[in-house]
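# fold the following and give me the result.
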Amino acid sequence: MKAAFLPPALVLAATAGLWATQPPPTEGLGKVPPFTLTDQHGRPLSRADLDGHPWVADFIFTSCGGQCPVLTDAMKELDSRLKRSDARLVSISVDPEHDTPAVLAEYARVKGASERWAFLTGEHAVISSLVFDGFHLPFQKNEGAPPGDLVTHTARLVLVDRTGEIRGYYEGVKLENPSLRDDAELDRLDHNLRAMGNGSKLPLLNAALNATSACFLLLGFFFIKLRWVRAHATSMIAALLVSSVFLGFYLYYHALYAAKPFAGEGFPKAAYLAVLISHVLLAVPTVVLALGTASLGLRGKIDRHIPWARFTFPIWLYVSTSGVAVYALLYEVHGR
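Predicted coordinates for the structure are as follows:
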């Protein structure tokens with residue numbers, strides 16, 4: 001039975017080693033400064049109004065003949081995906097002289113924008129400062145150019161967290177073909193945005209539930225070694241209940257949120273995939289094994305319960321501990 005502790009111990013040791021060798025977090029990307037602009041309804045909207053919500057910003061103008069329609073299409077896709085999120089979308093016009101609230105309101109109507117999506121305009125100097133100094137992005141007005149080419153600007157989408165900190169830049173169009181939306185970048189943005197939304201604590205909660213289940217399993221193991229049968233039964237039932245709660249939250253999270261891609265390469269990715277695949281493959285039979293073993297014990301069929309338990313315990317313990325390792329590798333070692 002001592003060999004049952006070897007796989008979980010190796011997995012946790014390897015995870016701890018990878019965690020310890022990671023470089024320190026990179027510096028932040030800066031905080032969006034306070035601003036107040038006017039939305040498509042003629043109402044003021046400030047950064048303070050967005051605080052408390054994760055949000056995505058893009059930079060467009062309504063007469064744009066290039067990448068703006070593609071960017072707006074990307075934002076519309078996000079708008080349709082985020083119905084259960086508290087996230088906000090903000091499109092800032094880089095041609096505010098033309099893009100009045102009335103023009104932006106019609107543009108929003110044609111694009112089918114929801115109420116979570118604001119189109120902002122204001123004084124040119126304010127927007128110029130916000131784009132350059134706040135979002136650290138370029139744009140240039142081309143005097144005398146046709147209306148569709150009046151402004152040269154970025155095609156990036158910017159993810160901002162609940163406190164106004166910039167969390168990432170994402171290409172809204174394909175670099176090799178600006179007429180096409182970059183769906184891979186959009187999926188990455190979507191996941192990271194959702195992770196800051198209503199479900200942001202669920203992966204950590206699920207890891208905590210896995211860890212709690214593992215603790216109850218270990219307690220149950222030591223109690224039965226001491227012949228404390230009642231304490232053993234209580235611990236194992238507790239482990240079963242905690243694992244059941246985990247399964248419910250796990251299914252709920254993956255029903256609402258896209259799978260988070262692993263950001264590392266090389267050995268860290270190989271280690272992550274090895275843990276993940278073994279965890280998933282063993283998790284399914286663990287449900288049957290745990291229920292069957294518990295049922296035999298509760299019905300007093302100890303002669304059958306013991307061999308089942310000897311087989312179930314190491315698999316169940318591995319699944320619980322590897323669940324913690326999957327979380328650590330995905331969200332802590334390579335969380336960005």
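# what about Phe221, how many residues nearby?
18 (other CB atoms under 10 Å). The C-beta positions use only the backbone N, C-alpha and C, and glycine is treated the same way.
# you'd agree it is in a strand?
No: according to DSSP: H, G, I helix; E, B strand; the rest coil, Phe221 belongs to no strand; its state is helix.
# what's the pLDDT at the residue of the chain most remote from its centre?
Distance to the chain centre peaks in the chain at Asp303, reaching 46.6 Å (criterion: CA atoms, centre = their mean). On pLDDT, Asp303 comes in at 94.
# summarise which helices and strands the helix or strand where it lies is packed against.
Taking DSSP states H and E as the criterion, Asp303 maps to helix 302-327. Contact partners of helix 302-327 among helices and strands, from 3 or more CB pairs under 8 Å, 6 or more residues apart in numbering; DSSP states H and E: helix 6-20, helix 202-225, helix 229-256, helix 267-298.
# again, only using 7 Å
helix 6-20, helix 202-225, helix 267-298 (3 or more CB pairs under 7 Å, 6 or more residues apart in numbering; DSSP states H and E).
# what distance separates the longest one from the centre of its chain?
Going back to what we said before, that points to helix 267-298. Relative to its chain's centre, helix 267-298 lies at 24 Å (CA atoms, centre = their mean, to the nearest Å).
# same check on the second one?
Using CA atoms, centre = their mean, the distance from the centre of helix 202-225 to the centre of the chain it belongs to is 25 Å.
# verify the contact between Phe139 and Ser129 for me.
No: using CB atoms under 7 Å, Phe139 makes no contact with Ser129, being 11.6 Å away.
# the more surrounded of those two?
Higher neighbour count among Phe139 and Ser129: Phe139, with 18 against 13, using other CB under 10 Å.
# tell me the bridge partners for that one.
Per DSSP bridges, the residues bridged to Phe139 are His153.
# got the contact list for Phe249?
Each residue near Phe249 by CB atoms under 7 Å, 6 or more residues apart in numbering is listed here: 202, 205-206, 209.
# please pick the buried ones from these.
202, 205-206, 209 (16 or more other CB atoms under 10 Å).
# taking those together, which two end up most distant?
Leu202 and Leu209 (10.2 Å; CB to CB).
# that's a strand at Leu180, yeah?
Yes: under three-state DSSP, Leu180 falls within a strand.
# neighbours around the residue nearest to Ala233 when sequence neighbours are not counted, how many?
Using CB to CB, 6 or more residues apart in numbering and skipping the chain neighbours, the partner closest in space to Ala233 is Gly297 (6.5 Å). When neighbours are counted by other CB under 10 Å, Gly297 registers 20.
# per-residue pLDDT, Gly297?
Looking at Gly297, its pLDDT reads 92.
# that one reaches His305, doesn't it?
Yes: the criterion here is CB under 7 Å, and Gly297 meets it with His305 at 4.4 Å.
# got the confidence number for Trp316?
Per-residue pLDDT puts Trp316 at 95.
# nearest residue to it in space, please, no chain neighbours.
In space, and not counting its chain neighbours, Trp316 is closest to Thr286: 5.3 Å by CB to CB, 6+ apart.
# ok, so what distance separates that neighbour from Ser278?
Thr286 sits 12 Å away from Ser278, taking CB to CB, to the nearest Å as the criterion.
# what does Phe35 give?
To Ser278, Phe35 is 49 Å away according to CB to CB.
# same deal with Phe313?
If you measure Phe313 against Ser278 using CB to CB, the figure is 17 Å.
# next one: Leu247
If you measure Leu247 against Ser278 using CB to CB, the figure is 18 Å.
# could you chop this protein up by domain?
Domains of the chain are assigned by automatic domain parsing as 2-25+201-333, 36-195.
# looking at those domains, which one has the lowest mean pLDDT?
Mean pLDDT values for these show the minimum at domain 2-25+201-333, a mean of 83.
# just the strands in the stretch 1-150 of the chain please.
Assigned by DSSP state E, counting those that start in this stretch, the stretch 1-150 of the chain shows strands spanning 36-38, 44-46, 55-60, 88-93, 117-120, 139-141.
# to Ala270, which of those strands lies closest?
Among the strands of the stretch 1-150 of the chain, strand 55-60 comes nearest to Ala270, with 32.8 Å by CB to CB.
# just checking, what packs against the closest one?
Applying 3+ CB pairs under 7 Å, 6+ apart, we find strand 55-60 packed against helix 68-81, strand 88-93, strand 156-160.
# look up phi and psi at the spatially most central residue of the chain.
Here the mean C-alpha position of the chain is nearest to the C-alpha of Ala195 (CA atoms, centre = their mean), at a distance of 3.0 Å. When read as degrees, to the nearest 10, the backbone of Ala195 gives phi -70, psi -20.
# ok, now which ones touch Leu289?
Contact analysis of Leu289 by CB under 7 Å, 6+ apart lists 311-312, 315-316.
# let's see that with 10 Å instead.
282, 308-309, 311-313, 315-316, 319 (CB atoms under 10 Å, 6 or more residues apart in numbering).
# measure Thr38 to Ala118 for me?
From Thr38 to Ala118 the distance is 10 Å (CB to CB).
# intersection of neighbour lists for those two?
Residues touching both Thr38 and Ala118 (CB under 10 Å, 6+ apart) are 45, 104.
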